[in-house]
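1. Have a look; sequence and predicted model below, questions after that.
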Amino acid sequence: MIEDYLHDVLGEVADFDGGSVADYIELLAEADPDPLAAALCTLDGTVYSAGLRPGDDELEFSIQSISKPFVYAQALQELGADEVIKTVGMEPSGEKFNELSLDGDTNRPMNPMINAGAIATTQLINGEDSGVEDRTERIREFLSRLAGRELAIDRRLVESEYQSTDRNFALAHMLRNYGVIQAEAQDAVRSYIHQCSIMVTTRDLAAMAATLANGGRQPVTRERILDVDVARQTQAVMSSAGMYNAAGRWMVTVGIPAKSGVAGGVLGTLPGQIGLAAFSPRLDSSGNSFRGVQVFQRLSRDMGLHLMAAEPRGRSAVRFITDKDDTTVVGLQGDIGFSAAERLWRTINRHEGLLERVRLDFTRVEGSNPIGRRMLLEGINRLRDQGHVVEVDDPDDVIPRARRDNARFEAMGDTSAEHQLLNQDPHSYDEDFDMGED
């Protein structure tokens, strides 16, 4: 059901035709502009994904600037925050990602999410006197652990980017002039380009995001990769600077820590709950994926992800599950949103010998949001399709009676205002969200 929901979201934004692929790097300029994918990774390692076309969610693309928060986390983990802060700050710059600017008082880059800060951070890995190959291999290995599989560097892309990186050379020379970096400018930039040329999928990014959201533990492999405070600091910096000069508007409309890359990837974290990712190569005027931004807006709105929203979060939705006479009884509790509903149905599906009759007890459920209700109803649909007789004890009408009796509003169409909000014309959605011209 979650993949079906993601397909619906992708279908809603598919007709957005704004933006264009990055054209300042030859291989990126040749990229197919049409792929569109989204993925979610829960903190227990379940990955859900969908592509507009078959295979879009498994398509590899270069990580580009999405590598920045992870290499920053690697530096924090290796050296500690006190050492890293001597090289790069934590304040939002309010400028484009490749601006030739430093903090006026310290001459440090403002944060590790802009190119100057990323170059300064990268040359900290494996020691400032490390060779390029040793440093980039250490970064590749680290990002592979975050993704839960071996990632590769696209060597053709490295050479393509190297031919168009004069601005990054200027940044590196400026950093070296002020003593911020000790490495040779050429080595610092080449290390950074290798880092950006690591290939990932949308599913990889969701798992990497979930590692941050999970306090540094990779949810699929269960490996402890980062300390909790490192994951927290990385997400805090992402929240203020990850989307460059659109970071403020992003936090208003989406409201989660995020990072974008010029190959079209977007990554987001909801601390303590979920990692998210989207991929679409066409970029807006701020260098963020045009359709990827729209995907995140919808996920945030539907799923109640905004950090500033008063969405109840916390305990498991399943109070108990037991077989009584000829009925499997499932007791629910709390507030039902995406995470709670997802765990609920996985718990039910894992229950051995689910009986023909299933009763869902909502007496201790306090509320639900639109995506939670949608998933509850779709789950009821599926149980009935499997031959179960489903009863719902819902005295407070958490799910309105007409819907739960029919339990087909997603398949048959629903005229309610809530369902229209979830499925309205994408061109009318958030019309006031406009990145504008730089």
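-> Structure received. Residues are numbered from 1 along each chain as shown.
2. which stretches of the stretch 201-350 of the chain form strands?
-> 258-260, 265-270, 274-279, 318-324, 327-336 (DSSP state E, counting those that start in this stretch).
3. any idea of the angle the third one forms with strand 265-270?
-> In terms of direction (axes from the mean of the first three to the mean of the last three Cα atoms, to 10 degrees), strand 274-279 departs from strand 265-270 by 160 degrees.
4. if we can go back for a sec, need the strands of the stretch 201-350 of the chain in CSV (columns: mean neighbour count, mean pLDDT and distance to Leu299).
-> In short, each C-beta sits where N, CA and C put it, glycine included. Listed next are the strands of the stretch 201-350 of the chain as CSV, based on neighbours: other Cβ atoms under 10 Å; pLDDT from 0 to 100; distance: least, Cβ to Cβ, whole Å:
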stretch, mean neighbour count, mean pLDDT, distance to Leu299
strand 258-260, 29, 95, 11
strand 265-270, 30, 96, 8
strand 274-279, 29, 97, 6
strand 318-324, 13, 88, 24
strand 327-336, 20, 89, 17
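5. Would you reformat the ones you listed as JSON lines and include distance to Asp8?
-> Formatted as JSON lines, those follow (distance: least, Cβ to Cβ, whole Å):
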{"stretch": "strand 258-260", "distance to Asp8": "22"}
{"stretch": "strand 265-270", "distance to Asp8": "18"}
{"stretch": "strand 274-279", "distance to Asp8": "14"}
{"stretch": "strand 318-324", "distance to Asp8": "26"}
{"stretch": "strand 327-336", "distance to Asp8": "19"}
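6. so which of the ones you listed gets nearest Ala236?
-> Closest to Ala236 of these is strand 265-270 (Cβ to Cβ; 10.7 Å).
7. Pull the distance from that closest one to the chain's centre.
-> Relative to its parent chain, strand 265-270 has a centroid offset of 2 Å by Cα atoms, centre = their mean, to the nearest Å.
8. That strand packs against which elements?
-> For strand 265-270, the contact count by 3 or more Cβ pairs under 8 Å, 6 or more residues apart in numbering; DSSP states H and E identifies helix 202-213, strand 258-260, strand 274-279, helix 290-303 as packing neighbours.
9. Out of those, which gets nearest to Arg190?
-> strand 258-260 (22.0 Å).
10. check contacts around Gln77.
-> The neighbours of Gln77, taking Cβ atoms under 8 Å, 6 or more residues apart in numbering as the test, are 225-227, 230.
11. quick one: Leu344 and Ala317 touch, right?
-> Yes: contact criterion Cβ atoms under 8 Å: Leu344 and Ala317 qualify, at 4.7 Å.
12. Minimum distance to Asp134: which of the strands of the stretch 201-350 of the chain has it?
-> Comparing the strands of the stretch 201-350 of the chain by Cβ to Cβ, strand 258-260 comes nearest, at 25.5 Å.
13. starting at the chain centroid, how far to the closest one?
-> With Cα atoms, centre = their mean, you get 8 Å for strand 258-260.
14. With stretch 360-377 instead?
-> 25 Å.
15. Can you point out the buried residues in that stretch?
-> Within stretch 360-377, the residues that qualify as buried are 360-362, 365, 368-377, counting by 16 or more other Cβ atoms under 10 Å.
16. Can you list which of those are found in strands?
-> Counting by DSSP state E, these place 360-362, 365, 368 in strands.
17. Sort out which one of those lies nearest Val71 for me.
-> Looking across those and measuring by Cβ to Cβ, the closest to Val71 is Ser368, at 39.2 Å.
18. State the pLDDT value of that closest one.
-> Note on Ser368: pLDDT of 82.
19. Quick check: the residue nearest to it when sequence neighbours are not counted vs Thr347, distance?
-> Leaving aside its sequence neighbours, Ser368 sits nearest to Ile336 (Cβ to Cβ, 6 or more residues apart in numbering; 3.9 Å). Here Ile336 is placed at a distance of 13 Å from Thr347 (Cβ to Cβ, to the nearest Å).
20. Can I get the buried part of the contacts of Gln77 as one PyMOL selection?
-> Listed next is the PyMOL selection for buried residues among the contacts of Gln77, using 16+ other Cβ under 10 Å:
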select buried, resi 225+226+230
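21. so which of the contacts of Gln77 comes closest to Glu26?
-> Closest to Glu26, out of all of the contacts of Gln77 and judged by Cβ to Cβ, is Ile225, at 34.0 Å.
22. so who does the closest one touch?
-> 77, 142, 145-146, 211, 216-218.
23. count of neighbours near Glu133?
-> 11 (other Cβ atoms under 10 Å).
24. where's it relative to Asp187, distance?
-> 10 Å.
25. before we move on, the earlier item: format the ones in strands among the buried residues of stretch 360-377 as JSON lines; extra columns: distance to Glu12.
-> Formatted as JSON lines, these follow (distance: Cβ to Cβ, whole Å):
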{"residue": "Leu360", "distance to Glu12": "29"}
{"residue": "Asp361", "distance to Glu12": "34"}
{"residue": "Phe362", "distance to Glu12": "29"}
{"residue": "Val365", "distance to Glu12": "28"}
{"residue": "Ser368", "distance to Glu12": "22"}
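26. Would you point out the most distant pair within the residues you listed?
-> Across these (Cβ to Cβ), the longest gap, 14.5 Å, separates Asp361 and Ser368.
27. just for the protein, where's the confidence low?
-> Filtered on pLDDT under 70, the chain yields the residue ranges 93-101, 310-315, 401-438.
28. Give the buried residues for stretch 19-35.
-> 19, 21-22, 25, 27-28, 31, 33, 35.
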